[in-house]
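Q: Requesting a structural model of the entry that follows:
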Amino acid sequence: MNKSILKIFKRNYSKNWKPNMPEHKVSINLESYKFPHPIWDLESAEKVEITHKKPETYRDKLAFYMMKTLRVTFDKISGYKPGKMNESNYLRRCLFLETIAGVPGFIGGMMRHLHSLRSLRTDGGWIHHLLEEAENERQHLITFLTIRQPGIFFRLTIMFAQFFFISGYSFMYILSPTTAHRFVAYLEEESVKTYTQLLTDLDDGKLPHWEDMKASQEAIKYWGLPYDAKFRDVILSIRADECAHREFNHHFADIPKDSIIENHKLEVYKGDFKNDNSKI
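A: Down below sits the predicted model:
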């Protein structure tokens with residue numbers, strides 16, 4: 001049998017999975033309806049790495065090249081030019097991408113929820129992770145909306161893009177959840193690159209309007225940031241979120257779809273948000 005075909009069935013089922021993520025605690029805010037989510041150590045978040053998992057199986061390669069096609073197409077349409085972007089360019093790009101990024105987690109969570117009901121079996125912990133991912137991406141969108149509200153043309157574009165993406169991703173998830181999660185993981189690899197470039201441009205003085213911009217109260221509360229946090233700290237936290245989504249979706253693609261999610265030993269931070277991140 002062809003070695004490439006064998007690779008389709010050869011997956012890493014290790015229970016000793018260690019995601020390449022910044023240090024964090026999980027926040028449970030008793031006064032909020034939002035899912036428990038990571039509160040990132042900002043010093044550790046500075047060290048987020050750009051990584052890439054080399055495609056090995058046919059499914060991996062399909063997911064990777066679909067992602068590359070989508071990325072190249074959107075870059076050309078949106079005029080994305082790393083190192084030559086201003087605040088308006090970045091804001092428009094981030095707003096649009098986050099309206100799409102919140103779709104996969106919700107679709108995956110819904111599909112697994114329905115499968116659990118049909119099969120009369122437990123889900124093994126996937127649903128919570130996927131729905132938290134969807135809410136987290138939506139929080140990114142809400143954060144950028146505090147800077148600017150898009151116009152009617154932009155909103156119509158979002159509606160059309162969501163229609164096609166929801167249809168396509170749902171079909172992909174029904175056919176092959178493994179391919180779907182790998183596709184999202186590759187998208188998140190690109191998201192980490194984009195936010196890393198944004199931070200680089202910010203530090204290089206190419207985005208002067210954002211250099212001293214304060215973080216919104218919503219962002220401070222959600223990510224447990226210091227009261228004097230800047231917009232840069234928000235971008236650090238968003239990049240760390242994307243890093244977490246990258247790691248989890250690669251993990252979901254590596255394990256059988258009926259696996260119980262391991263490594264749930266988390267240190268909980270029941271935050272009142274009065275302490276800064278240096279104490280997390």
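
Q: Now do the helices in the stretch 101-250 of the chain.
A: Secondary structure of the stretch 101-250 of the chain (DSSP state H, counting those that start in this stretch): helices located at 126-145, 152-175, 177-203, 208-211, 217-223, 231-254.

Q: quick one, which of those helices is packed in tightest?
A: helix 231-254 (a mean of 24; mean count of other C-beta atoms under 10 Å). Backbone N, C-alpha and C define where each C-beta goes, glycine included.

Q: what about this protein, any weak spots by pLDDT?
A: Low-confidence segments of the chain, defined by pLDDT under 70: 1-16, 262-280.

Q: mind running it again at 80?
A: Filtered on pLDDT under 80, the chain yields the residue ranges 1-17, 29-31, 261-280.

Q: Now do the strands in the stretch 1-150 of the chain.
A: Assigned by DSSP state E, counting those that start in this stretch, the stretch 1-150 of the chain shows strands spanning 24-27, 37-40.

Q: contacts for the last one?
A: If I follow you right, that is strand 37-40. Contacts to strand 37-40, defined as C-beta atoms under 8 Å, 6 or more residues apart in numbering, come from residues 21-27, 132, 135-136, 222-224, 236-237, 240-241, 244, 269, 271, 277, 280.

Q: Could you rerun that using 7 Å?
A: The contact list for strand 37-40 (C-beta atoms under 7 Å, 6 or more residues apart in numbering) reads 22, 24-27, 132, 136, 223-224, 237, 240, 244, 269, 271, 280.

Q: Report the strands that pair with that strand, each with its relative direction.
A: Sheet pairing of strand 37-40 (DSSP bridges) gives strand 24-27 (antiparallel).

Q: ok, back up a step: what about the helices of the stretch 101-250 of the chain, which gets the closest to Pro104?
A: helix 177-203 (4.7 Å; C-beta to C-beta).

Q: Tell me how far that closest one lies from the chain's centre.
A: Relative to its parent chain, helix 177-203 has a centroid offset of 8 Å by C-alpha atoms, centre = their mean, to the nearest Å.

Q: got a list of what Asp201 touches?
A: By C-beta under 7 Å, 6+ apart, Asp201 lies in contact with Gly83, Met85, Leu207.

Q: Between the contacts of strand 37-40, which sits nearest Lys68?
A: Using C-beta to C-beta, Ala244 is the member of the contacts of strand 37-40 that lies nearest Lys68, at 22.3 Å.

Q: and the gap between the closest one and Asp258?
A: In this view, Ala244 and Asp258 are 23 Å apart by C-beta to C-beta, to the nearest Å.

Q: now do Leu141
A: In this view, Leu141 and Asp258 are 32 Å apart by C-beta to C-beta.

Q: repeat for Pro38
A: Distance, Pro38 to Asp258, by C-beta to C-beta: 26 Å.

Q: ditto for Ser191
A: To Asp258, Ser191 is 28 Å away according to C-beta to C-beta.

Q: and if you look at Arg246?
A: In this view, Arg246 and Asp258 are 23 Å apart by C-beta to C-beta.

Q: again with His128
A: In this view, His128 and Asp258 are 16 Å apart by C-beta to C-beta.

Q: same deal with Glu49?
A: 31 Å.

Q: thinking again about what came up before, now the contacts of Asp201 as JSON lines including neighbour count and distance to Met172?
A: Formatted as JSON lines, these follow (neighbours: other C-beta atoms under 10 Å; distance: C-beta to C-beta, whole Å):
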{"residue": "Gly83", "neighbour count": "9", "distance to Met172": "33"}
{"residue": "Met85", "neighbour count": "20", "distance to Met172": "30"}
{"residue": "Leu207", "neighbour count": "21", "distance to Met172": "35"}
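
Q: any idea which of those residues is closest to Ser44?
A: Leu207 (23.5 Å).
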